[in-house]
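Visitor: Prediction below, plus the sequence it came from.
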Amino acid sequence: MYKLLLLEDDISLIDGLTYSLEKNGFDIKVARSLLEAGNLLAENTDFDLLLFDVTLPDGNGFTLCEKLRDSGNLVPIIFLTASDEETSIIRGLDCGGDDYITKPFKLGELCSRIRALLRRSSMQMTGDGLLRSGELTVNLAEGRVFLRGEPVEFTGAEYRLLCLLLKNSGRVLTRGMILDKLWDGAGNFVDDNTLSVYVRRLREKLEDQPSRPEHLKTVRGFGYQWKE
């Protein structure tokens, strides 16, 4: 049973969400403030997914998300937002959120989003130092990439971009987030145009149809996402 933390201060919404999510087989813990959520997260390190409201009595969910990401916690986070404005959505993704759903929403849609994110985030680095995604394998110790068992050559920056995408499989990475993490072999930061070139090269090397990619997806207006 997956264990979820719901951070929400609306009592009526809490009751409806708790009932629906438990009925769908999830174990739910509820927090009504950032302080309460922080205490629960400090006591429990085994949450599989977090549902964060944005506007709370003592702050906003973006702040807690940023703290978790800064501490290295990569648990999947879905924002429950009353605003569908692009700036709010970008803020949620930039601070480390994996997905968002705009209120009011259908409970069935939320459950589907949760299951999809849990499936995508289940890809973890194996104990033998490998990253795997379908027929793609990255040997982190050797810095080598294999597709269907055959080696594929990458430049240093291309390799780092691929590893970044795989380690965040299913999560939308904004161009800004990627540019903050990516640099070329000489230690120089990569600019926006160069990133587009690297993305195109990855698709040419890994996708059966680079012009219609199945895995390295463009999320228009936001950035990129690696899909299983």
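Guide: Yep, that arrived.
Visitor: Can you tell me, leaving aside adjacent residues, what's nearest to the residue nearest the centre of the chain?
Guide: Central residue of the chain (CA atoms, centre = their mean): residue 171, 2.7 Å from the mean position. In space, and not counting its chain neighbours, residue 171 is closest to residue 98: 4.5 Å by CB to CB, 6 or more residues apart in numbering. Quick note: C-beta positions are derived from backbone N, CA and C, even for glycine.
Visitor: Kindly list the main-chain dihedrals of that neighbour?
Guide: phi -100, psi -30 (degrees, to the nearest 10).
Visitor: mind checking how far it is from residue 216?
Guide: The gap separating residue 98 from residue 216 is 17 Å, by CB to CB, to the nearest Å.
Visitor: more crowded one of these two?
Guide: Applying other CB atoms under 10 Å to residue 98 and residue 216 shows that residue 98 carries more neighbours, namely 24 against 19.
Visitor: unless I'm mixing things up, the more buried one is touching residue 117, no?
Guide: Yes - counting by CB atoms under 8 Å, residue 98 touches residue 117, with 5.8 Å between them.
Visitor: one step back: surely the residue nearest to the centre of the chain is within a helix?
Guide: No - counting by DSSP: H, G, I helix; E, B strand; the rest coil, residue 171 is not found in a helix; it is coil.
Visitor: what touches both of residue 98 and residue 117?
Guide: Residues touching both residue 98 and residue 117 by CB atoms under 8 Å, 6 or more residues apart in numbering: 76, 78, 170.
Visitor: Low-confidence regions, the chain specifically.
Guide: Within the chain, the stretches with pLDDT under 70 are 84-85, 120-129, 183-190.
Visitor: Helices of that one, start to end?
Guide: Using DSSP state H, the helices of the chain run over residues 11-23, 34-43, 61-70, 86-94, 107-121, 156-167, 175-181, 192-206.
Visitor: Residue 223 is nearest to which of the ones you listed?
Guide: helix 175-181 (4.7 Å; CB to CB).
Visitor: Can you give the contact residues for the closest one?
Guide: Counting by CB under 8 Å, 6+ apart, 93-94, 160-161, 164, 189-192, 195, 222-224 sit against helix 175-181.
Visitor: Many thanks, I have nothing further to ask.
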